[in-house]
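[1] Sequence first, then the predicted structure, then my questions.
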Amino acid sequence: MTVDTQRTALEHVVSTDMVATHAAEHVRNPGMPLDLSMFEGHAVNRSAAERRASTLSARRSVKKVYQAAWLVNAVRMIDLTTLSGDDTEGKVQRLCAKARQPIAPYIMDGLGLSDMDLTVGAVCVYPTMVPHAVKALKGTSIPVASVATGFPAGLIPLNLRLEEIKYAVGEGAGEIDIVINREMALKQEWNQLYDEIAAMREACGEAHLKAILATGELETLRNVYAASMVAMQAGADFIKTSTGKEGVNATLPVSLTMVRALRDYGDATGYQIGFKPAGGIKAAKEAIAWQVLMKEEMGREWLEPHLFRFGASSMLGDIERQLEHHVTGRYASSSRHAMS
Amino acid sequence: MTTIQEILNTMDYGTAPEDSKIVREWLSKHESGFGHFINGAFTKVGETFDVQNPATGDVIARVSQGSASDVDDAVKAARAAQPKWAGLSGHERAKYLYALARHVQQHSRFLAVLESIDNGKPIRESRDGDIPLVARHFYHHAGWAELAEDEFPGAEAVGVCGQVIPWNFPLLMLAWKVAPALAAGNTVVLKPAEYTPLTALAFAQIAAECGLPKGVLNIVTGDGETGAAVVGHENIDKVAFTGSTDVGRIIRQQTAGSGKSLTLELGGKSPFIVFADADLDAAVEGVVDAIWFNQGQVCCAGSRILVAEAVAAKFEKMLRKRMETIRVGDPLDKNTDIGAIVHPVQRDRIAELVNKGASEGLDLCQGTAPEGCFYPPTLATGVSPASVLWNEEIFGPVVTLTTFRTPKDAIALANNSRYGLAASIWSENVNLCLDIAAKVKAGVVWINCTNVFDAGAGFGGYRESGFGREGGREGMAAYLKQPKLKVKKPEAAPAAPNAVPVDGAEIGMIDRTAKLYIGGKQARPDSGYVYAVNGGKKTVGHAGLGSRKDVRNAVEAAHKAAGWGKATGHNRAQVLYYIAENLSARAKEFTDRLVSFGMNNGAAKAEVETAIRRCFWYAAQADKFDGMVHQTKTNNVSIAMHEPLGVMGVACPNGSPLAAMVSLVMPAIAMGNAVIVVPSQDHPLAATDFYQVLETSDVPAGVVNIITGPRDDLAKTLAQHDDVAGMWYVGTAEGAEMVERESAGNLKQTWTEDGGARDWTSAQGQGKEFLSRATQVKNIWVPYGE
């Protein structure tokens, strides 16, 4: 047998043959006992991670109809977010209206997607806004996500943080974005951190737990890897980079580190963990970059809303403009698109 | 057409083709063929050969086959232009180099697309890698042109440079050669590779666009014969070649004795060493950057993965998984990771070598590749040093994987190669990384990275990967020379040693027997013969008649003295000072010995005094000939370290028997080399007296070995010896030619000179050049950041 005929020997995982898994078949991560050996001493080389992150976007590009499809897919995975001190019921209603119809119907027509019931992945708000969002999203399958646990710093007593989770769940939130205790992570008090997150997971009940690591404050990629692993061991359904309030938001090298952590957790336990970069993601081309990262590192499955979300608000507007340009061939103006 | 709905299901990338319209139009404008670029203009199209796009097999251009007379025209043009070009101020030359850099940037997309069409490399690499580096090299060397006078005082341009470059990085290799040559005031005749001549021709147009004076840059296209005509042209002063080790060897032989300076950047089989504590994800990505970059057609490609047994299974699994997402295909598709192999001949060669490996029973893992001139990413596991895939430079996307047990084992495996171009080291332990970096035989060492290049750092190999550096200060130095010393009276070949008894020798109080000095011991010559040493009037003694077996023994002894190279400069300095001290104590004896050769007392005294001063000067240099830290990438310390060559042969001139020998030996050992010295054939007794000085001066055994006898025969054995890394020869023109020719076997670095060129008792007998010649530069890249 010549080598040339042996080429097929390599099992080639090609996404075309793969039907995307659905949230319905997804088995939640039950967590596991804390296992320090899964992350202590795990090397993450900063310069190598930066190099991989920078070449990833250069290695793959999607053009024309593919680009349109990838942008539409990004919309499906957006956690459309408002987390401001001046949020009101009215503001949340507007956000939810956009969530239900993220892209103007005439653009969807032009894309040949008028039959597609395109919505964003979720709406993300503060706990007191949850009832408004639940009301505004009635009749849709769009989940309401609530930040909780003393977002964004998380520095209130644990019992209050747990109460906050229960409140949001009680108001109808299907997803809870918790913040981890950075003090414990920085002091490497993994036992305590694990216990806190496990308690939060318990408080969530059926609601999915997304653990925000606030990576900008953990600083090193080794810390990021370790905190990711502790969160997953404690039962996180998603790990999320940032609150959007830290000095450094989601970056590709940090995302790469977290994605590799969830891959390693999946290899060890068989459970699929979701990933959510958040904060500072504004441009349509970033929507492509992160999807490329997920596809290259994890495969097609991680381009679905049950395993990947963008925490973003303004990015949707840019995507809508790009999609209109795809349809009309003219550069678009946001004044024609519904604001949130 | 695929609908958005369908794509949403598959989430395929689709294709992202680079528009090549402008380049195709340029090519069709030249449909009738390209001439050479000589003396500032394109020549008429001569006899042509086809240039193909390897991805499609289409003929994209016809290019002239350079004849001997074309080469001659180009050399004449370069020769005529050289004095004026060198006569420009550095600033004037800098302006031209700056313009070249700017114009390369302006035409960067044109050049990238043309490069990908001609060579088959992915547009991502030509666009993000090759062309930006080309511009960077011209910028960097615009700087050297500006500064050369200040930074290299007294140096001058070598003259006309003949440059022959390969097809793997066509325009980048042109830049590496042309930029330093022009910056230093040389003019150039360059022959691009037969497979990939087009970007060189486009660059010629750019040079014309920049108004580069005619004749400064000449480009002659053609095949190997044209290259041989360039290299062999008698009116060329320097040859710079990048390509295969086999051709490099031929060029070494061809240029022997011609007086042309030579730099060779040849093949490699570079180790990629993964320790257990490495970031394995990073290392896997490193393999992709090492061997699945430019289709693996990279001389410094990390083609031998060495991985710690502790993590080998895990690493291999991760690597196999990573191979699944590598895309092989259209070079102009922005989503392509591996493009086309440069030519079907090369593709077949890769397949043949891999088949050989397969027939050895190696386990192969391959990705997929389209039909045509493509080859899939390939991993061969369970590879041992006995395998053909371990030894042969495949020059394709094929990597071997071998496990090691300990760091010592890793180094032994890494160095188990005839080559020494590059090495990658992966570990989070900085102590381990730097330890391995110091021990690996390679001119370029990448720690936790691979295939990182910058004009600010030198690039080039150890061993059979060639000699000379490109880039950085050391690369610039390779295009400059110190004004040549005038040979007033060339050294005449010494008479053959007389190994039979003679009448009436002058005997001292007690007869003395001069032996050879090998491994710290006085040794009788293996031949069992001695030869008569003539003084002014009569025979003054006998010296051992050394032979090839003595050379063999001495080289073995020298290798055992490897600890000398690792000693601190301070340690070595102490020994050199001690040599001076003991020589001084016996100054009268040495003076008398020189007088017995027929020298007058004053001259003899002066020569001994010179020898003592040399010891002091090189003792002083032993801890001061520093390397440097190059300015390259952000968050990267790029260390240029001076390392000894290792074991060196030193053949001394017939004259100044003490001063010349000491002047040659001291710089070599000050830098940490161990030497086998062949002293003055006619007057070897100063050298044999000298071993008594060595014995009393704490010189470790094997650091200096002395073999007396027929100098050129012994030099020949040394030049041929594959375990000798460097050879200095000062003697006759014929001897110099012989040494250069015979050194081709392992491509050892040579330095030859006529015995009459230098006054060894004057300041000419010492200097930094001796130190540069005794060392090679290892560039170590250390990225940082947590």
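    Perfect, I can see it now.

[2] Look up phi and psi at the closest residue to B:Gly646 other than its chain neighbours.
    Computed as Cβ to Cβ, 6 or more residues apart in numbering or on different chains, the closest residue to B:Gly646 that is not its neighbour in sequence is B:Ala725, at 4.0 Å. The way it works is simple: take the backbone N, C-alpha and C, and place the C-beta from them, glycine included. B:Ala725 adopts backbone torsions of phi -90, psi -20, taken as degrees, to the nearest 10.

[3] residues in contact with B:Ala725?
    B:462-463, B:645-648, B:746, B:748-749 (Cβ atoms under 8 Å, 6 or more residues apart in numbering or on different chains).

[4] That one and chain A, how far apart?
    From B:Ala725 across to chain A, the span is 33 Å (Cβ to the nearest Cβ, to the nearest Å).

[5] Report the buried members of the contacts of B:Ala725.
    Applying 16 or more other Cβ atoms under 10 Å in any protein chain shown to the contacts of B:Ala725, the neighbour count classes B:462-463, B:645-648, B:746, B:748-749 as buried.

[6] my read: A:Arg182 touches A:Gly216, true?
    No - with contact defined as Cβ atoms under 8 Å, A:Arg182 does not reach A:Gly216; the gap is 10.0 Å.

[7] Surely A:Ala289 is in a helix?
    Yes - the assignment for A:Ala289 is a helix, going by DSSP: H, G, I helix; E, B strand; the rest coil.

[8] How about it, nearest residue that isn't a chain neighbour?
    Leaving out its chain neighbours, the residue that sits closest to A:Ala289 by Cβ to Cβ, 6+ apart is A:Ser57, at 4.5 Å.

[9] Equivalent analysis for B:Phe625, please.
    That would be B:Leu771: by Cβ to Cβ, 6+ apart, it lies 4.8 Å from B:Phe625.

[10] what helices or strands is whichever strand or helix holds the one you found leaning on?
    According to DSSP states H and E, B:Leu771 maps onto helix B:768-773. Counting contacts by 3 or more Cβ pairs under 8 Å, 6 or more residues apart in numbering or on different chains; DSSP states H and E, helix B:768-773 is packed against helix B:657-670.

[11] Dump the helix or strand where B:His140 lies to CSV, keeping only the CA atoms.
    Element membership of B:His140, judged by DSSP H and E, is helix B:131-151. Written as CSV, here are the backbone C-alpha positions of helix B:131-151 (Å, rounded to 0.1, in the frame of the first residue of the first chain):
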residue,chain,number,x,y,z
ILE,B,131,6.6,40.4,2.2
PRO,B,132,6.5,42.3,5.5
LEU,B,133,9.8,40.6,6.3
VAL,B,134,11.3,41.7,3.0
ALA,B,135,10.4,45.3,3.8
ARG,B,136,11.8,44.9,7.3
HIS,B,137,15.1,43.7,5.9
PHE,B,138,15.4,46.7,3.7
TYR,B,139,14.5,49.1,6.4
HIS,B,140,17.0,47.4,8.8
HIS,B,141,19.8,47.6,6.3
ALA,B,142,19.0,51.1,5.3
GLY,B,143,20.0,51.7,8.9
TRP,B,144,23.2,49.7,8.5
ALA,B,145,24.1,51.7,5.4
GLU,B,146,23.7,54.8,7.4
LEU,B,147,25.8,53.5,10.2
ALA,B,148,28.3,51.2,8.6
GLU,B,149,31.2,53.7,8.8
ASP,B,150,30.7,54.3,12.5
GLU,B,151,29.8,50.8,13.5
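
[12] what about the closest residue to B:Ala561 other than its chain neighbours, is that helix, strand or coil?
    Closest residue to B:Ala561 apart from its sequence neighbours, by Cβ to Cβ, 6+ apart: B:Gly702 at 3.3 Å. Under three-state DSSP, B:Gly702 falls in the coil class.

[13] Quick check: B:Gly702 vs B:Ala573, distance?
    Going from B:Gly702 to B:Ala573 by Cβ to Cβ, to the nearest Å gives 19 Å.

[14] How about B:Thr48?
    Distance, B:Thr48 to B:Ala573, by Cβ to Cβ: 62 Å.
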